[in-house]
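Visitor: got a predicted model here, sequence first, then my questions.
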Amino acid sequence: MSGLLNKIYYKLENSLWWLLKYRKEDIPGEFKNNMHYAAWYRSDRESLIKYEGIHKDEDCFIVGNGPSLNKTDLTLLNGYHVFGLNKIQMIFEKQKFDLSYHVTVNDLVIDQIDNELNENAFNCPSFISYAHSRNKNYKNPMVNKILTNGRWSFYPSILEPISEGYTVTYVAMQIAFYMGFKNVFLVGVDHSFQQKGKANQEQTLKEDDQNHFHPDYFKGQQWHLADLEGSEASFALAKHQFHFAGRNIIDATVDGKLTIFEKMKYEDALKVAKKKK
């Protein structure tokens, strides 16, 4: 019995030591046993503080990677705040436009655009998953690492773990909310995929990529099959949170299949959205 008591005492003593250590560093006690959180807290969290509310009451566009981008004149976005996702740089060979921010969180994609992140091919701050890049040291000072291992929910602050919500678009929405954007317009979020297999399954795409704006987007590479149902559930959460805060998400995707958000023609969105100050 004394052995069991010693084990219990040791466990309590050890837990108390960690709790006091983290409290001294202002790390929330609920994360005291999360070593990834502690490392991120010390190395990357502080760099995210400067983005809080910096675009209060402004508008932005989130540009997905669907085939509809080939039917969308993205050069018209110059002068607006624009989030680009994942491998958006591949469209620059056809359409030139400026990004305000870049977001990518999938582990496969991060590995596939390692060089672009390092060389800042996006010419703007990038937000990437800490969990999938913690061992990567980029010379690009505009790479920001966020924690995306939070429980499934919509998080108004990126100073704590947020949720990937089955799509990078959802992560961009949470970042846009944290920055204070009032109206978010979606472009290139087609929400339509030609795929065979279970949602989130990892596969190697052998043929031309029909699901993205460029045939070589994932051709010959690994990718995770889209989870449309999971994405829709996440988008419904985002819609609620934006509406509750007096803000809006508007879908301006050309021929998009997503039905969660209010629809608007791309041309009309350009007229309604506020340009950069």
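Guide: Looks like it arrived, so ask away. Numbering: from 1, shown residues only.
Visitor: neighbours of the residue nearest to Asp208 when sequence neighbours are not counted, how many?
Guide: Of all residues not flanking Asp208 in the chain, Pro215 sits nearest, at 3.9 Å (CB to CB, 6 or more residues apart in numbering). Where you see a C-beta, it was placed from the backbone N, CA and C, and this is true even at glycine. A total of 12 residues lie near Pro215 under the criterion other CB atoms under 10 Å.
Visitor: also the one 3 residues further on?
Guide: Residues lying near Phe218 (other CB under 10 Å) number 22.
Visitor: residues contacting it?
Guide: Taking CB atoms under 8 Å, 6 or more residues apart in numbering as the criterion, Phe218 is in contact with 205, 209, 211-212.
Visitor: what about it, which helix or strand?
Guide: Secondary structure assignment for Phe218, by DSSP states H and E: no helix or strand.
Visitor: can you give me the strands in this protein?
Guide: 59-63, 81-85, 101-104, 126-129, 143-146, 183-187, 202-204, 222-224, 248-251, 262-263 (DSSP state E).
Visitor: next one: the nearest residue to Tyr130 once chain neighbours are set aside from Gly66, what distance?
Guide: Closest residue to Tyr130 apart from its sequence neighbours, by CB to CB, 6+ apart: Lys145 at 4.0 Å. Per CB to CB, to the nearest Å, Lys145 is found 26 Å from Gly66.
Visitor: just Glu52 next, same as before
Guide: Plainly put, Glu52 is 30 Å away from Gly66 if you go by CB to CB.
Visitor: these two - which one has more neighbours?
Guide: Between Glu52 and Gly66, counted using other CB under 10 Å, Gly66 has the larger neighbour count: 25 against 13.
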